[in-house]
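Chemist: heads up, no residue letters with this:
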């Protein structure tokens, strides 16, 4: 317990008591004593001895009252400050634990007063820090896992080439190039994810026609859709759909949605992109056959490095970061993301606020 704080608070109480006693003391000496003398003279009683006795008694009672008030204030201040400072002292110790890297500690729930609300806010902060630390560790583990496979393959081929176990053919160098490109793509994806994390509060907002942006994004993946014989449908309003958005980051969202669909939609299937509007939001939705995605996968589709394939097959390419980038950038715009399954189709959608509902987005 911080005794210095108790002494400071008790000193303030003693100053108040001294002020009150001093005011009463002066009032007795100036006003009450004068009234007493007048009353004695009215009844023809000598005021001198009685006046001295009256003033002395009042002064004595005031001194005893002052001492009693100081003792009572000291006891009550100690008890009250002990009750108030106990959770604060506990928070101080827990803060040191958090600073040392232990994010699992919590302040025991207390009263419903300001200190209790402070404890709840402190626990919420500790919980969020624990989540962030867990995400950081998981990200490091996932990145290391994703880097290990192509690096191991490259190392194996290089050692085989050095030992002349594998001939230096065009096929071998093509395999090495593919693994190198996969590494480069992964590094670029991680970089884009970091930029998406940093995008909050740093958007360069301008009027953007979402319909034109979506059409441009899909056109960029026309070759991939054609290669897999995928029939693409775009359902949108005939009129422009303009919202305030960061054009570059919005295009990243739309390209990632198109890329995700081009990678995972089964060959020969029908894919539909829908653009719908409401008074306060714009919704962009991709619909295609679910393939191997199940209802259990839906809560994790936007998590980093998550793949719906339980075997983590890489036949589709990618590192499972594309939809994570979508989530970060959409939330930076004040929007939301989601996914659902219906009749064997997977619906992946993003919702972006319109100009009338962007009260919580920093346009700087």
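Modeler: Looks like it arrived, so ask away. What you are looking at is a predicted structure, and each value in this text was computed from that prediction instead of being measured.
Chemist: CA atoms for contacts and neighbours, from now on please.
Modeler: OK.
Chemist: number of nearby residues for the nearest residue to residue 277 once chain neighbours are set aside?
Modeler: Ranked by CA to CA, 6 or more residues apart in numbering and with sequence neighbours excluded, the top spatial neighbour of residue 277 is residue 283, at 6.2 Å. Burial of residue 283, expressed as a neighbour count using other CA atoms under 10 Å, amounts to 18.
Chemist: in the stretch 151-300 of the chain, which spans are helices?
Modeler: Remark: helices of the stretch 151-300 of the chain, listed N- to C-terminal, are 170-197, 210-219, 222-227, 247-264; assignment by DSSP state H, counting those that start in this stretch.
Chemist: can you flag the weakest of those by average pLDDT?
Modeler: Set side by side, the helices of the stretch 151-300 of the chain differ in mean pLDDT, and helix 170-197 is lowest with a mean of 77.
Chemist: check which residues of stretch 74-90 are buried.
Modeler: Using 16 or more other CA atoms under 10 Å as the test for burial, stretch 74-90 gives 74, 77, 78, 81, 82, 85, 87, 88.
Chemist: do the same with stretch 92-103
Modeler: 94, 95, 98, 103.
Chemist: which residues sit against it?
Modeler: Surrounding stretch 92-103, the residues in contact under the criterion CA atoms under 8 Å, 6 or more residues apart in numbering are 105, 106, 107, 126, 127, 129, 130.
Chemist: before we move on, the earlier item: which of the helices of the stretch 151-300 of the chain sits closest to residue 141?
Modeler: Closest to residue 141 of those, according to CA to CA: helix 170-197, at 12.9 Å.
Chemist: hang on, the earlier thing: dump the helices of the stretch 151-300 of the chain to JSON lines, plus distance to residue 156 and mean neighbour count.
Modeler: Shown next, in JSON lines, are these (distance: least, CA to CA, whole Å; neighbours: other CA atoms under 10 Å):
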{"stretch": "helix 170-197", "distance to residue 156": "10", "mean neighbour count": "15"}
{"stretch": "helix 210-219", "distance to residue 156": "38", "mean neighbour count": "18"}
{"stretch": "helix 222-227", "distance to residue 156": "31", "mean neighbour count": "15"}
{"stretch": "helix 247-264", "distance to residue 156": "28", "mean neighbour count": "20"}
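Chemist: just put those helices in JSON lines and tack on distance to residue 275.
Modeler: Output for these, formatted as JSON lines (distance: least, CA to CA, whole Å):
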{"stretch": "helix 170-197", "distance to residue 275": "23"}
{"stretch": "helix 210-219", "distance to residue 275": "7"}
{"stretch": "helix 222-227", "distance to residue 275": "18"}
{"stretch": "helix 247-264", "distance to residue 275": "12"}
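Chemist: for residue 24, which of those is the nearest?
Modeler: Closest to residue 24 of those is helix 170-197 (CA to CA; 65.5 Å).
Chemist: and that closest one, what does it pack onto?
Modeler: Here helix 170-197 is seen to pack against helix 114-162, helix 322-332 when contacts are counted using 3 or more CA pairs under 8 Å, 6 or more residues apart in numbering; DSSP states H and E.
Chemist: tell me the most buried of these?
Modeler: With neighbours defined as mean count of other CA atoms under 10 Å, the helices and strands packed on helix 170-197 peak in mean count at helix 322-332, which reaches a mean of 24.
Chemist: quick one: distance of it to the chain centre.
Modeler: On the basis of CA atoms, centre = their mean, to the nearest Å, helix 322-332 is displaced by 15 Å from the centre of the chain it belongs to.
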